[in-house]
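# Sequence and predicted structure, then a few things I'm wondering about:
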Amino acid sequence: MILQTWQQSHSQELQKITETLAKITQLPAEAVKPHLDAMLEQLVKTTELPFYQKVSDEEWIQALNQWSSSHNPNIPLLSDYAVSRAGIYEDEEI
């Protein structure tokens, strides 16, 4: 979505960049354009907000519930000893 917006609002600049890259590399513009598009896509990914910042509280709760229900409920729980201080630091000298 952001990439399409950038491409539409900066079409002239992107055309100039494509032509410049084609001139530098001595490749046809059609060969350069996919590489430029890939680079722009990477740049968009770095500027996108994280999921938790762009969704409502309800959407966040729904996603969390979906994620938690996707785990196998039959996995055995850890023993009390495994989560105790002695179990965690068993090999360390205190």
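Yes, it's here. Numbering: from 1, shown residues only.
# Only C-alpha atoms from now on, for both contacts and neighbour counts.
Noted.
# For residue 32, the count of nearby residues, please.
Other residues lying near residue 32 total 19 when counted by other CA atoms under 10 Å.
# got a list of what it touches?
By CA atoms under 8 Å, 6 or more residues apart in numbering, the residues touching residue 32 are 18, 21-22.
# What distance do you get for the closest residue to residue 2 other than its chain neighbours to residue 26?
The spatial neighbour of residue 2 that comes closest, neighbours along the chain excluded (CA to CA, 6 or more residues apart in numbering), is residue 44 at 6.8 Å. Distance, residue 44 to residue 26, by CA to CA, to the nearest Å: 27 Å.
# quick one: which of those two has more around it?
residue 44 (15 against 11).
# Tell me the confidence at that one?
Listed pLDDT for residue 44 reads 79.
# For it, give its distance to residue 8.
Residue 44 is 14 Å from residue 8, where distance means CA to CA.
# Same check on residue 18?
On the measure of CA to CA, residue 18 and residue 8 end up 15 Å apart.
# who has more neighbours, those two?
residue 18 (22 against 11).
# Next secondary structure after the host helix or strand of that one?
If you go by DSSP states H and E, residue 18 is part of helix 11-25. Per DSSP H and E, the first helix or strand lying C-terminal to helix 11-25 is helix 29-47.
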